[in-house]
Structure formats: structure tokens, C-alpha cells
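In: Provide a 3D model corresponding to the input given below.
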Amino acid sequence: MDSESTGARITITGIAEIVLNVRDMAASLAFYRDLLGLAVISPPAMTSPIFLKAGMATAELPAMIVLVQLPSGAPAFTKPRPLHHLALALPAAGFDLAERVLTHAGYAVRGGKHPVLPSRTMYVDDPDGNEVELIAADVS
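Out: Numbering: from 1, shown residues only. Now for the predicted structure:
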């Protein structure tokens, strides 16, 4: 049954989780928790998966990045990878600081331009090669 025949429509209110397979949990936590400032919300005893809060998806549910440790013998990632990139929102006032922090930490920050939104964007690869876009509203 489709929405045209029932008249019903699904309403999505936000993205609740993006789940990433990682090879080195410590390196991924250093990137997502320590550099990007996402808060770990999973219990301390839970070592994989690790849930990190990335703002709010709805008033009741956090938006989350979830890191799942791959087993040591897992095959290498192949290109092109299924995930093109993920984007995380920054406050406009924090954009330049984020760029400096990432550069100082040794990450190669790439500029970009969003094709639709008036915004400032930059791209960086996480420790597993996932492209992460950081985007802020252009308030100039």
C-alpha cells in the first residue's frame, strides 16, 4: 500500500542516528568527542557501539553519531564508499575556531560551497576516511 492509496504520509522530523564502522575507536573518539565536542551518551561500560550526541533531532530525541568498532580482521574499506559524507552543523560564531582547531590537530581542512544554502562549509576526513562536512549559516 502506498501513500497515494491510503492518503497517509510519513513525517520525518530529523535525523536520529548516523552509524559509522570504525577501525580505531580511540582515534575516532579523539576526532568526534575531543575535537568536534560531541558528548558521549552511552554508559561508561559500553565500549562498542559508542553513542555521541550531536544536537537534537527532536525535542525528545538527540541526534547521534554512533561509532561501531570493527573486528581486527575486517576487510579494508573499498572506494567508492557507500557513505558520500555526513554534515554536522556549527554555530556561525564557531566556524573559524573549528577550522583552526582541526588544522592545529593536523587534519587537512578543505573549503567548499553548499549548492543550495547560504552557508560556510568545510570538509575534513575522520580517522577512517569518512568525509565530514561542517556547515554554519552565512550571517554576513
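In: which residues of this protein fall in strands?
Out: Using DSSP state E, the strands of the chain run over residues 17-22, 39-40, 50-56, 62-69, 86-89, 110-112, 119-125, 131-137.
In: among the ones you listed, which is nearest residue 80?
Out: Across those, the minimum distance to residue 80, taken as CB to CB, is reached by strand 131-137, at 11.1 Å. (Each C-beta comes from the backbone N, C-alpha and C, glycine too.)
In: Walk me through the domains of this protein.
Out: 15-72, 84-140 (automatic domain parsing).
In: Which residues does the longest helix along the chain contact?
Out: In the chain, taking DSSP state H as the definition, the longest helix is helix 95-104. Helix 95-104 is contacted by residues 35-36, 90, 109, 120, 122, 124, 134, 136 when judged by CB atoms under 8 Å, 6 or more residues apart in numbering.
In: quick one: residue 100 and residue 107, what's the gap?
Out: Relative to residue 107, residue 100 is positioned 11 Å away (CB to CB, to the nearest Å).
In: neighbour-wise, which of these two wins?
Out: residue 107 (18 against 11; other CB atoms under 10 Å).
In: Now for that one: which residues touch it?
Out: Contact analysis of residue 107 by CB under 8 Å, 6+ apart lists 35, 124-125.
In: I'd like to know how many residues surround residue 101.
Out: 16.
In: and the gap between it and residue 68?
Out: 26 Å.
In: for residue 122, same thing?
Out: Counting by CB to CB, the gap from residue 122 to residue 68 is 26 Å.
In: do residue 118 as well
Out: According to CB to CB, residue 118 stands 35 Å off from residue 68.
In: Settle it for me: which of these two has more neighbours?
Out: Neighbour count, other CB under 10 Å: between residue 118 and residue 68, residue 68 has more, with 13 against 10.
In: Surely the more buried one touches residue 17?
Out: No - counting by CB atoms under 8 Å, residue 68 stays clear of residue 17, with 11.0 Å between them.
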